[in-house]
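Student: got a predicted structure plus its sequence, pasted below:
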Amino acid sequence: MVLTALEFTAIGTALPIIASDLHGSQFVWVGSAYTLASTALLPFCGGLAQVIGRRAVVLGSLVVFAIGSALCGAAPSMNFLIAGRTVQGLGAGGITALIQIILADLVPLRERGTFNGLMALAWTIGGGSGPVIGGAFAEAGQWRWLFYINIIISGVAFVMVFAFLRLRTPSTPWRERILEMDWIGNIILITATTSIVIALTWGGIQSPWTSPRILIPLILGLLGLVAFIIYEAVLASHPIVPFILMSDRTAVSGYIQNFLMGVILATLSYWLPVYFQACRDAGPTASGVDSFGLTFTTSPSAMVAGILIQTMSRYRPQMWCGWVLMIIGTGLLSTLDTNSSPGKAVGFEIITGVGIGIIYVGAYFPVLAPIPVTKSAPALAFYTCVRNFSLVWGVTIGGAILQNELNKRLPTDFLSEFPSGIEVAFSIIPTIGTLPEPLRADVRNAFAGALQVMWRVLTGIGGVGLLASFAMKDLPLHTSVDKNWERTNIVQKKWGNHDVEIGVSERIQMETQ
């Protein structure tokens, strides 16, 4: 969790310098490629974990993530970097999905509040330190080490998982489970999400939103999601998203809240440093520090919310409180301009961060409470897929708003100096300090106004989340786990319900004997 959060948040503060070094213009794709790849593969990783075991998928994902990090660190061009980020995202998807699934294997839902708070703490450590680490490496001219450091962390995680993770392995032969995987559903979902992200990333930048180049992939992607839902509900014999997951209003409410919270979190994590860099003349490192009010309040509030949910066995009051705080916080952020004091900005961040922390840990419970524990793995894979997909929307929607508003607000003569069809924000930020007055003030005000629009949109999204929260019921929380995957200390060399995960190659060898 620390690893994936660090990589998601660190890139934002370093991106202007990276883009300058690589002479690239497709900035949004650096973030979108990562989140798209991780999102598209999440349900597949959840299904694969049912086939070859949890440990094998985690170890493989760590290796893929490390390879992607090496490619990013060695990138000679922006396109190469985007390709490396895609490989990174494939690994991150498996890591993120399996963290949630393994936790569900080990801890009953009723006792999971504190553990979810600890996961939020891990996200905060990675997410909070990410902008500072990214900015520090970038300012030192060593941005490539922002990616190389992940190889070391991945290696440590690999050794720990290999040495300590022990779970039961179901007795069904792996060949049967491979055939039971929902290959068609995975292909439909991957194709649909890719099509939507392409449209969101290009819209308003490379082509107008009304152009066929944008509308066609967007419409096809949305139709693909509809086709995916129909296929999973009607045709799939072993769906990656069983219909039971969406048959209860409480679960549907949880998924909606999870998605909307992710959009807000991604937008703030990725674009809040832009306010400090463009409007407050902060460097990459300083902009990461200035974002601490948001990043380092998420974890304490998540811990407190998790403990309260576990103690009270209720999640609705906490969720309502979280949405109200988030709405207030983003609404206050929309009042920031170039003259706002640092204390005001940090105070508004704290309110927003507390709300995010509560929802981050709380949205988990209405998703799992209505379903049997045997469906926890696909539910959590889909839950994590929804959250990661929302991160794609957050990054791309934020980028689209910023691009479109800057095109309206920047002086025409100044804007004409930049080629059309590129994302202008990160091209302009490194030049602001060198601009003469009054042009410098005009550019800073243009950024402030554009970001105010972005925060207002987030306030509206928070309002929708609050409305969705009223649909959920306070259901009792499960007190047991899925017996097929619970923890065991028994290490046996026979094939049966009490085997631990002993490795794919050894399992295949045993089955053929």
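Tutor: Arrived safely. Numbers count the residues shown, from 1 in each chain.
Student: gap between residue 460 and residue 263?
Tutor: Distance of residue 460 to residue 263, given as C-beta to C-beta, to the nearest Å: 11 Å. Yep, even glycine has a C-beta here, placed from its N, CA and C like the rest.
Student: next: residue 342.
Tutor: Applying C-beta to C-beta to residue 342 and residue 263 gives a distance of 27 Å.
Student: comparing those two, which residue is more hemmed in?
Tutor: Set residue 342 next to residue 263 and count neighbours by other C-beta atoms under 10 Å: residue 263 wins out with 26 against 12.
Student: in contact with the more buried one, which residues?
Tutor: 390-391, 393-394, 397, 458, 461 (C-beta atoms under 8 Å, 6 or more residues apart in numbering).
Student: swap in residue 430?
Tutor: Here residue 430 is in contact with 16-17, 20 (C-beta under 8 Å, 6+ apart).
Student: likewise residue 188?
Tutor: Taking C-beta under 8 Å, 6+ apart, we find residue 188 in contact with 224, 227-228, 231.
Student: using CSV, list the CA coordinates for stretch 446-459.
Tutor: Output of stretch 446-459 as CSV, limited to C-alpha atoms (Å, rounded to 0.1, in the frame of the first residue of the first chain):
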residue,chain,number,x,y,z
ALA,A,446,-5.6,32.5,-14.4
PHE,A,447,-4.4,29.4,-12.6
ALA,A,448,-6.2,30.4,-9.4
GLY,A,449,-9.4,31.0,-11.2
ALA,A,450,-9.1,27.7,-13.1
LEU,A,451,-8.5,25.8,-9.9
GLN,A,452,-11.4,27.4,-8.2
VAL,A,453,-13.7,26.0,-10.8
MET,A,454,-12.1,22.6,-10.2
TRP,A,455,-12.7,22.7,-6.5
ARG,A,456,-16.4,23.8,-7.1
VAL,A,457,-16.9,20.7,-9.3
LEU,A,458,-15.5,18.6,-6.4
THR,A,459,-18.0,20.2,-4.0
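Student: just the buried positions in that stretch, please.
Tutor: Applying a neighbour-count criterion of 16 or more other C-beta atoms under 10 Å, one finds 446-452, 454-459 buried in stretch 446-459.
Student: what helix or strand is residue 392 on?
Tutor: Using DSSP states H and E, residue 392 maps to helix 376-409.
Student: ok, now which ones touch residue 476?
Tutor: Contacts of residue 476 (C-beta under 8 Å, 6+ apart): 313, 369.
Student: quick check: closest non-adjacent residue to residue 251.
Tutor: Distance criterion C-beta to C-beta, 6 or more residues apart in numbering; nearest residue to residue 251, sequence neighbours excluded, is residue 370 at 4.9 Å.
Student: that neighbour: neighbour count?
Tutor: Counted by other C-beta under 10 Å, the residues lying close to residue 370 total 20.
Student: next one: it from residue 471, what distance?
Tutor: Applying C-beta to C-beta, the value for residue 370 to residue 471 is 12 Å.
Student: quick check: neighbours shared by those two?
Tutor: Common neighbours of residue 370 and residue 471, counting by C-beta under 8 Å, 6+ apart, are residue 250.
Student: of the contacts of residue 430, buried ones?
Tutor: 16-17.
Student: now the contacts of residue 430 in a markdown table, with distance to residue 236, secondary structure and pLDDT?
Tutor: Shown next, in a markdown table, are these (distance: C-beta to C-beta, whole Å; DSSP: H, G, I helix; E, B strand; the rest coil; pLDDT from 0 to 100):
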| residue | distance to residue 236 | secondary structure | pLDDT |
| --- | --- | --- | --- |
| 16 | 45 | helix | 74 |
| 17 | 46 | helix | 80 |
| 20 | 47 | helix | 76 |
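Student: what helix or strand is the residue nearest to residue 251 on?
Tutor: Using DSSP H and E, residue 370 is not contained in any helix or strand.
Student: thought residue 475 was touching it, still the case?
Tutor: Yes: Residue 370 is in contact with residue 475 according to C-beta atoms under 8 Å; the separation is 5.9 Å.
Student: okay, and the common contacts of those two?
Tutor: With C-beta under 8 Å, 6+ apart as the test, residue 370 and residue 475 both reach residue 250.
Student: distance of residue 429 from residue 143?
Tutor: Counting by C-beta to C-beta, the gap from residue 429 to residue 143 is 15 Å.
Student: what about the residue nearest to residue 320 when sequence neighbours are not counted, how many neighbours?
Tutor: Nearest residue to residue 320, sequence neighbours excluded (C-beta to C-beta, 6+ apart): residue 469, at 5.9 Å. Burial of residue 469, expressed as a neighbour count using other C-beta under 10 Å, amounts to 24.
Student: what of residue 460?
Tutor: The burial count for residue 460: 12, using other C-beta under 10 Å.
Student: make 58 the starting number, not 1.
Tutor: Noted, 58 is the first residue going forward, which turns the last one into residue 517.
Student: give me the angle between the helix or strand hosting it and helix 433-466.
Tutor: Of the helices and strands defined by DSSP H and E, residue 517 is found in helix 496-526. Here the directions of helix 496-526 and helix 433-466 differ by 150 degrees (axes from the mean of the first three to the mean of the last three C-alpha atoms, to 10 degrees).
Student: find me the pLDDT at the most centrally placed residue in the chain, would you?
Tutor: Geometric centre of the chain, nearest residue: residue 445, 3.9 Å, by C-alpha atoms, centre = their mean. As predicted, residue 445 sits at a pLDDT of 78.
Student: please apply the same query to residue 315.
Tutor: So, for residue 315, pLDDT stands at 91.
Student: my guess is it contacts residue 444. True?
Tutor: Yes: when contacts are counted by C-beta under 8 Å, residue 315 is listed as touching residue 444 (5.4 Å).
Student: and residue 298, that's in a helix?
Tutor: No: Residue 298 is assigned coil when assessed by DSSP: H, G, I helix; E, B strand; the rest coil, not a helix.
Student: and for it, the neighbour number?
Tutor: Residue 298: 24 surrounding residues under other C-beta under 10 Å.
Student: what pLDDT does it get?
Tutor: For residue 298, the pLDDT comes out at 72.
Student: how about the contacts made by it?
Tutor: With C-beta under 8 Å, 6+ apart, residue 298 has these contacts: 100, 242, 285-286, 289, 435, 439.
Student: any idea how far it lies from residue 151?
Tutor: Applying C-beta to C-beta to residue 298 and residue 151 gives a distance of 18 Å.
Student: low-confidence regions, the stretch 108-257 of the chain specifically.
Tutor: Along the stretch 108-257 of the chain, the parts satisfying pLDDT under 70 run over 166-171, 173-174, 181, 184-185, 224-234.
Student: what segments of it are helices?
Tutor: Shown for the stretch 108-257 of the chain, the helices assigned by DSSP state H, counting those that start in this stretch span residues 111-130, 135-163, 170-196, 202-221, 231-237, 240-259.
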